[in-house]
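Participant: Structure for the following, please:
(4 chains, ligands or ions: 6)
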Amino acid sequence: MTSKREDKTSHDQQTDLLAIEIAGIRFNNPVTTASGTCGYGLEMAELIDLNRLGGIFTKGLSARPMRGNAPWRIVETHGGMLNAIGLQNIGARTFVMEKLPALRQYNTRIIPNVFGYTVEEYLEAIEILEEGEGIDAYELNISCPNVKAGGESFANDAHLAAEVTAAVKRAARRPVIVKLSPNVTDIAEIARAVEASGADALSVINTVVGMAIDIHTRRPRLANVTGGLSGPAIKPIAVRCVFQVARAVQIPVFGIGGIATVEDALEFIIAGASAIQVGTANFYDPRASVKIIDGLAEYCQRHSLENIRELVGTVEV
Amino acid sequence: MTSKREDKTSHDQQTDLLAIEIAGIRFNNPVTTASGTCGYGLEMAELIDLNRLGGIFTKGLSARPMRGNAPWRIVETHGGMLNAIGLQNIGARTFVMEKLPALRQYNTRIIPNVFGYTVEEYLEAIEILEEGEGIDAYELNISCPNVKAGGESFANDAHLAAEVTAAVKRAARRPVIVKLSPNVTDIAEIARAVEASGADALSVINTVVGMAIDIHTRRPRLANVTGGLSGPAIKPIAVRCVFQVARAVQIPVFGIGGIATVEDALEFIIAGASAIQVGTANFYDPRASVKIIDGLAEYCQRHSLENIRELVGTVEV
Amino acid sequence: MIDTIATVELNILSSSTAARRYGRLRLRLKERIPVLPGQFAMLKPHGSPEPLLRRAMAYYRSERYADHLSVEFIYQILGRGTQALSRLRSGDEVDFLGSLGNTFDLKAAERREALLVAGGVGSAALYLLAEELRQRQIPARLFIGGASCGDLCGLEDFIHLLGSQNVYSATMDGSYGDQGFVTAPLENYLQERRSEPIIIFACGPDAMLRRVAQIASEHAIPAQVSLESPMACGFGICVGCAVAVKADCPEGFIYKKVCTDGPVFWSEELHW
Amino acid sequence: MIDTIATVELNILSSSTAARRYGRLRLRLKERIPVLPGQFAMLKPHGSPEPLLRRAMAYYRSERYADHLSVEFIYQILGRGTQALSRLRSGDEVDFLGSLGNTFDLKAAERREALLVAGGVGSAALYLLAEELRQRQIPARLFIGGASCGDLCGLEDFIHLLGSQNVYSATMDGSYGDQGFVTAPLENYLQERRSEPIIIFACGPDAMLRRVAQIASEHAIPAQVSLESPMACGFGICVGCAVAVKADCPEGFIYKKVCTDGPVFWSEELHW
Ligand SMILES: Cc1cc2nc3c(=O)[nH]c(=O)nc-3n(C[C@H](O)[C@H](O)[C@H](O)COP(=O)(O)OP(=O)(O)OC[C@H]3O[C@@H](n4cnc5c(N)ncnc54)[C@H](O)[C@@H]3O)c2cc1C
Ligand SMILES: Cc1cc2nc3c(=O)[nH]c(=O)nc-3n(C[C@H](O)[C@H](O)[C@H](O)COP(=O)(O)OP(=O)(O)OC[C@H]3O[C@@H](n4cnc5c(N)ncnc54)[C@H](O)[C@@H]3O)c2cc1C
Ligand SMILES: Cc1cc2nc3c(=O)[nH]c(=O)nc-3n(C[C@H](O)[C@H](O)[C@H](O)COP(=O)(O)O)c2cc1C
Ligand SMILES: Cc1cc2nc3c(=O)[nH]c(=O)nc-3n(C[C@H](O)[C@H](O)[C@H](O)COP(=O)(O)O)c2cc1C
Ligand code: FES
Ligand code: FES
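Facilitator: Numbering: from 1, shown residues only, chains lettered A, B, ... in the order given. Ligands and ions are numbered 1, 2, ... in the order given. Next up is the predicted model:
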C-alpha cells in the first residue's frame, strides 16, 4: 500500500482534508468498513493498512457467542448478494479479551456493532464492552433482518427503537450510533424517535429483506429462507434513505449501501452523510475503502475544498 | 416470431400447458407485460405477436390526461433503473376511444392499470372504462411511488388501501386486481386488508423508492428527486414479497419485479405467483416475454407437468 | 423496426485527449432494413449483463450489399454503456434494435441551401443527411465544432464529401479552424449571405442547439434539430425520453417522446 | 495473501457434452507467491461489473520462473461467474486474490500409501498434491470419476505423472474405465490391500465425499477432504462459507469457515 500511497496525496495532507468529528469522536477520514463485512478488522490487515481507515465497525457482537445459521448463508444476485449469516460471533467478552488488544494498536476508530433479542441482552453486551479499552463508540444493530427472533421488530417500531436506544444510552459511557433498517414505511419517523431518545448518530442503511429460490430443488437458497440484500443493487434505496433521514434529524448520519467507488461515496456525502461505510465491496474489492480515501482526498484538492465536510448534504433540490 | 415458434412447442400445445384462470378470467398463459413498460400494448406489436401474450397491463390511466414529470425521468443504476415518469397518460376516455378498438382485436387479456389521487378520481376513471368493450379486468395502482401527491399513501396504509379497493369493487363490473407497494413495513398486512375488502387478485410488487444524485451538478438525477427502482436489482425483494403475500391471502398473485428470463419467472411461480408480469426487461429485451412463454412450455414438457399451475407456490420451506 | 443480433466488423478507438475518447463501430446485419438520415439504433454487446439498457446511437454511415447491410456508428466513450461498446472486438455479437425515430425533412430543404451544424459527436447524426443532400443536388455546408481537433468527429469524411471549401470548423482550443464556438462562423456566414433561402440542420450539445435555434429565429430561417435524451427503450414504451413541445394548453407545452416523435424536431415547435 | 491483477496466458475451452463444458485458465503473476496443494485463489475478469463476486478456484498446477509465476486452473462452466471466466482471452486482466486456505497434511501421509479420490472437476484440487507426494516418494494412486470420459479433468496429466497403472477411472456412462461411481474401484482396491497403512485425500461433489468419509471410517483410514461452499470473500470476513464441525457443546457442532479453516478438513472432524 505504502508505495501506492506516495503517488497519491501524502498521508498528513489527506488527514487535513478528510478528518471529521462525529459524536465528539475524531475520525481520520469519513471512510469506515461496515459491520459484518470486515470481520473483527484484523482479518483485513494483510490486505490493507488498517491505519488508513477512518474506522472499523466490527461484526455484530452479542453478550454470548452465537453459532449462526446453517448453510447456505449467502447467494449472489444481480448487483448484490443475500446473506443470512445469523449473526455468528465470538461474543462480546472474547472480543474484548482476544481481538481488542491487537485491534487498538491501530490508529483508527473501533466501533463494535452490538445486538440482542431483548433490551436486557443489549445491556449485557454493552456492560461487557464497557470494560474494554480502546473502544470509541457503539453501533446498535436494531435492524438486522437475518434473525427470525425479535431483532427486526426494534427497527420497525418507533417506540421499540426509542426504548432500546434510551436504555443503552443510560448504560453506555461511549457515544451510541443506531443503525436503521430500510424495511419500514417511514424511515424518517424511526430516525426522529431514535434521535429524541438520545442517539449520537445514525447508520443508514442495513440490508433490505429479500429471498431467492433454487428452481431445481424448489427450496429457498438460504437455509434461513429470507436474507438481507446488499451491494450496488440497493444503492439507490440507500441514497434515498440517507437523504430522507439527514433532513429529518440534526445528528450525523453514516451512509451505507452499495458503496464501492469514490463516486458512490461522494453521492452519499452530497445526499447528507457525514461519513460512509463500505460493506459488500470489501468482499470483491478488499482495497475499495483505501481507494475511496485516496479518491476523496483528490476530489477535495481538485475542487479546492478545505475539508470534505463542506460537501455534506449539499444536494440541491 | 412464427418460424421461431414452430421449432418450439406448437401454439395449441403451449396453451394446454400454460392456460390458467385468475379471478374468473382465462389467460392463455401466465406471462403478461407490466403496466408502464409496454405502453398501451400496440407499441410492441411490431416486435412481438401480441396474441402470444397472456395479458397486457396498460400504462397507468387516470380520468383525465396527465402531462407527467419534467425530464430527466429515468436513470440507469446497477442492475436496474429509476423512473419518475409522473404517470403521463392519454386519459381513460382517449384510451377507450383510440387504443382499445385496435387492442381488443388481439387474442389476449387487456387490463387497464388505473390510478387517482382521491377515491373519487379512481371511480371517475373506472366509470369511463366500464363503457369500454374488450376490457377483461382492472389493476389498481395504489402504490406508484412516483407521484408526490396522495398516490403512495393508499398503499402504505391498510385502511386507505382497503377503502379504495372496496369503493372500486362496488363500482366495477369487472374483476379488480390491486397492486401493492414494497415500501411498507408489513406487506402481508396490506394484502390481507385489500383481500378482505374484495380484491379479486393482487399484483406484487410495484417499484421500490430510490434516488440518485449527479455528483457533478449535485442535483438529483431525476427532476422528481426520487423515483421507482425496477429491474433485476429488486428481484430478491420482489420474490420475498410474493412469498409473504401468497402465504397471507387466498386470492391469486401476479409476481412482478426484475423478471427477464424463464428462470426468473419459475422462481416467482414457485414462490407463489399464479402469473407474472414482465416489466423493465421489455425495454432492453423486447422479446423477453415471448422467450419466457416458450421457456415455460418447454419446462412443463421436460418435467411432464400437465399445466404450469401445478408449480404455483411449491416452494418447500 | 427489427430486434436482431448484428456482428462487429470493425471497432476502432481513438482519443482527442485522455478525457475524451471515441470509437467507430461498424456492424454487419443480415437484414437489409431502411436506414434514413437522423435515425438511430439501440445497441448493447450481446449477452452482457451490465449495463442493462441498450444505448441509442445515430447512424453515421451505411453500405448496402447484395446479402447484407453494413452500418457505422461513432460514439464518445463516456460511461458504462459506451465503455462496454469500446470493448467489442471484430466478430463479437451486438443486440441491435432499429431503425428507430423519424428523419430530417428533406422536402423542406428543396430549393434552399442546407447548413449543417454539428457539435462534438453530434456530427455523427449528420453525415447520412449530407450524403442525401448531395444526391439531391441540394447545396450543403457543414459547420463543425468541438473542444479540440480530435473532437471533430468524421471531419475527413465530411471534407471528402462536401469539399473543404464547404466545411467550416471551430475548436475551443483553436487547434483547428476558428477558435471558439461553432455558432460564430455560422453567424458570420449568415451575415454575408442573407439573400438566398437557407435551412439549418443541427445536432450537438443542448447549449449549442439552443444557440442555433436562437440564431435561426433571429434570421427567420427554418431549422431542424436532432435531440438527445436518456432512453430506456428507444421505441416508445417507457416514456422516459420526454421533451417539452409547444401546445395551446394552459401550461403552453406538453411532453413528446424523443425516440418516436423525434429525434428530429423543428426548433420552433420545441418549448426551449 | 495478495490482491493483484494477473494476465491471461491461456484460456482453453473443452466440452464433455453440450451441458458440461470446461475451461483451462493459465494466469501470469509478477508476484512469486507460495502455491500449496489444496490452496485456491479468488478470480474475476478485471473491470467486469457483473457478477460482483470473485469465484474460488483451486490451483491445478503452477510453474515458477525467474521473473514471474504461472498458475493454472480448471473450471467447469456452470453459472454467471464461470461463464465470465470462459470469455477471457489471452492478454486479458484478471482480479486475483491468493493464495488462500490451508493445505493437505503431507506429514500425515509419510510412511503411508496415498489414495487420491477425485469427482468431476474436483481433480483440479489434487494434481499439486500428487506432484508433491511423488517428490516425497510417497506412493500415490488416483481414483478419478465423472459423468463421462470428457469429465475426467486432467486425466492425461495424472496418468503422465503417476503412471497409468496407478490411475483408476470410473464414468457413469462407462465411456471410460469402470461404469459407475468412483468409490467402487476405491473399495475394491481397499478389499485387496488392507495390509499397509493408507491415507485418503478426496475432492469432489458432496455426495462423493460423504461416501468416501464412510468408507474411510469403515476401514479406519485417515482421510482428508477438500470442501466447496459458496464464498463471497474467500479470506475470512463474510462468514458465508460455514461448515459444521464436531464440537463438545450441547448441539454437538459449531460452524467453521471453509475459506480459512479449510478448504481441507479431516473427514472425522466434520459433522456430516
Ligand atoms: C437519438 C440519440 C442518438 C444518439 N447518438 C449518439 C451517437 O451517435 N454517438 C454517441 O456517442 N452518443 C449518442 N447518443 C448518446 C448515447 O445514447 C448515450 O446516452 C451516451 O453515450 C451516454 O451513455 P454512456 O453509457 O456512455 O454513459 P452513461 O453511463 O449512460 O452516463 C454517463 C454520463 O453521461 C450522462 N448521460 C447519459 N445519457 C446521456 C444523454 N443521452 N445525454 C447527455 N448526457 C447523458 C449521464 O448522466 C452520466 O453523467 C445518442 C442519444 C440519443 C437519444
Ligand atoms: C475452495 C474452492 C475451490 C473451488 N475450486 C474450483 C475449481 O477448481 N474448479 C471449478 O470449476 N470450481 C471450483 N469451485 C467452485 C466455484 O468457486 C464456483 O462456486 C462454481 O464454479 C460455480 O460458480 P458459477 O459462477 O459458475 O455459478 P453460480 O452462478 O455461482 O451458480 C450457478 C449454480 O451453481 C451453484 N453453485 C454456486 N456455487 C456453488 C458451490 N460452491 N458449490 C456447489 N454449487 C454451487 C449455484 O447454486 C447455482 O445453482 C471451488 C469452490 C471452492 C469453495
Ligand atoms: C455478510 C454480511 C454480514 C452482515 N452482518 C451485519 C451485522 O452483523 N450487523 C449489522 O448491523 N449489519 C450487518 N450487515 C449489513 C452491513 O453492515 C451493511 O449495512 C449492508 O450490507 C449494506 O451495505 P453494503 O451494500 O455496502 O454491503 C452485514 C452485511 C453482509 C453482506
Ligand atoms: C418506466 C416505468 C413506468 C411504470 N409505470 C407504471 C404505472 O403507470 N403503473 C404501475 O402500476 N406501475 C408502473 N410501473 C411499475 C412496473 O409495472 C413494475 O411493477 C415494476 O417496474 C417492477 O417490475 P420490473 O422490475 O420487471 O420492471 C412502471 C415501471 C417503469 C420502469
Ligand atoms: S426511450 Fe422509451 S419511450 Fe422513448
Ligand atoms: S468466504 Fe467469506 S468467510 Fe469464507
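Participant: Now for residue 119: which residues touch it?
Facilitator: All of this is about chain A. A:163-164, A:167 (CB atoms under 8 Å, 6 or more residues apart in numbering or on different chains). All C-beta atoms are positioned from the backbone trio N, CA, C, and that covers glycine.
Participant: Please refer instead to chain C.
Facilitator: With CB under 8 Å, 6+ apart, C:Gly119 has these contacts: C:145-146, C:182, C:202-205, C:208-209.
Participant: coming back round to it: keep only those of the contacts of A:Val119 that are in helices.
Facilitator: A:163-164, A:167 (DSSP state H).
Participant: and stretch A:207-227, how far out from the chain's middle?
Facilitator: 24 Å (CA atoms, centre = their mean, to the nearest Å).
Participant: Tell me the predicted confidence for the closest residue to chain D within the stretch 101-250 of chain A.
Facilitator: Distances between the stretch 101-250 of chain A and chain D by CB to the nearest CB are smallest at A:Gly231, namely 6.0 Å. The model reports A:Gly231 with a pLDDT of 98.
Participant: Name the residues of the stretch 101-250 of chain C found near ligand 5, please.
Facilitator: C:231-234, C:236-241 (CB under 6 Å from any ligand atom).
Participant: out of those, who's nearest A:Met211?
Facilitator: Nearest to A:Met211, judged by CB to CB, of these is C:Ala232 at 26.6 Å.
Participant: Next, count neighbours for the closest one.
Facilitator: Other residues lying near C:Ala232 total 27 when counted by other CB atoms under 10 Å in any protein chain shown.
Participant: centroid residue for chain A?
Facilitator: When CA atoms, centre = their mean is applied to chain A, the residue found nearest the centroid is A:Ala34 (3.6 Å).
Participant: these two touch, right, that residue and A:Ile256?
Facilitator: Yes - counting by CB atoms under 8 Å, A:Ala34 does reach A:Ile256; the two are 5.5 Å apart.
Participant: Show me the common contact partners of the two, please.
Facilitator: A:277, A:279.
Participant: can you count the residues close to A:Asn206?
Facilitator: 29.
Participant: Can I have the buried ones of the contacts of C:Gly119 as a PyMOL selection?
Facilitator: Paste this into PyMOL to select the buried members of the contacts of C:Gly119, with burial taken from 16 or more other CB atoms under 10 Å in any protein chain shown:
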select buried, chain C and resi 145+146+182+202+203+204+208+209
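Participant: what about stretch C:229-246 and ligand 4, touching?
Facilitator: Yes - using CB under 6 Å from any ligand atom, we find that stretch C:229-246 touches ligand 4 at C:Cys238.
Participant: what's the spacing between that stretch and its chain's center?
Facilitator: With CA atoms, centre = their mean, you get 17 Å for stretch C:229-246.
Participant: Give me the contact status of that stretch with chain B.
Facilitator: Yes - part of stretch C:229-246 sits near chain B under the criterion CB under 8 Å from any CB of the partner chain, namely C:229-233, C:235-244.
Participant: Keep only those of the residues you listed that are in strands.
Facilitator: Within the residues of stretch C:229-246 next to chain B, residues falling in strands by DSSP state E are C:242-244.
Participant: Which of those has the largest number of neighbours?
Facilitator: Ranked by neighbours (other CB under 10 Å), those are led by C:Ala242, which has 26 neighbours.
Participant: I'd say that one and C:Leu227 touch.
Facilitator: No - C:Ala242 lies out of contact with C:Leu227 (CB under 8 Å); the separation is 10.8 Å.
Participant: hang on, the earlier thing: could you report the neighbour count for the residue of the stretch 101-250 of chain A closest to chain D?
Facilitator: A:Gly231 has 30 nearby residues by other CB under 10 Å.
Participant: so what's it closest to, chain neighbours aside?
Facilitator: A:Gly80 (3.1 Å; CB to CB, 6 or more residues apart in numbering or on different chains).
Participant: Repeat that for C:Ile12.
Facilitator: Closest to C:Ile12 by CB to CB, 6+ apart is C:Arg24, at 4.6 Å.
Participant: repeat for C:Arg141
Facilitator: C:Asn166 (4.6 Å).
Participant: Nearest to C:Phe40, out of the residues of stretch C:229-246 next to chain B: which one, please.
Facilitator: Closest to C:Phe40, out of all of the residues of stretch C:229-246 next to chain B and judged by CB to CB, is C:Met231, at 9.1 Å.
Participant: Report the contact partners of the closest one.
Facilitator: B:74, C:42, C:53, C:56, C:238, C:240-241, C:258-259.
Participant: Kindly reformat these as CSV containing pLDDT, distance to A:Ile177 and neighbour count.
Facilitator: Shown next, in CSV, are the contacts of C:Met231 (pLDDT from 0 to 100; distance: CB to CB, whole Å; neighbours: other CB atoms under 10 Å in any protein chain shown):
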residue, pLDDT, distance to A:Ile177, neighbour count
B:Ile74, 98, 35, 26
C:Met42, 98, 46, 24
C:Leu53, 98, 37, 24
C:Ala56, 98, 45, 24
C:Cys238, 97, 40, 28
C:Gly240, 98, 39, 26
C:Cys241, 98, 43, 28
C:Val258, 98, 46, 25
C:Cys259, 98, 47, 26
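Participant: Nearest to ligand 4 among the residues you listed?
Facilitator: Minimum distance to ligand 4 across the contacts of C:Met231 is 4.6 Å, recorded for C:Cys238 (CB to the nearest ligand atom).
Participant: ok, the closest one to ligand 1 distance?
Facilitator: From C:Cys238 across to ligand 1, the span is 12 Å (CB to the nearest ligand atom, to the nearest Å).
Participant: Okay, the closest residue in space to that residue that isn't next to it in sequence and C:Ala41: tell me how far apart.
Facilitator: Nearest residue to C:Cys238, sequence neighbours excluded (CB to CB, 6+ apart): C:Ala232, at 4.1 Å. C:Ala232 sits 15 Å away from C:Ala41, going by CB to CB, to the nearest Å.
Participant: what do you get for C:Asp248?
Facilitator: 35 Å.
Participant: What segments of the stretch 101-250 of chain A are helices?
Facilitator: A:119-130, A:153-156, A:158-171, A:187-196, A:235-248 (DSSP state H, counting those that start in this stretch).
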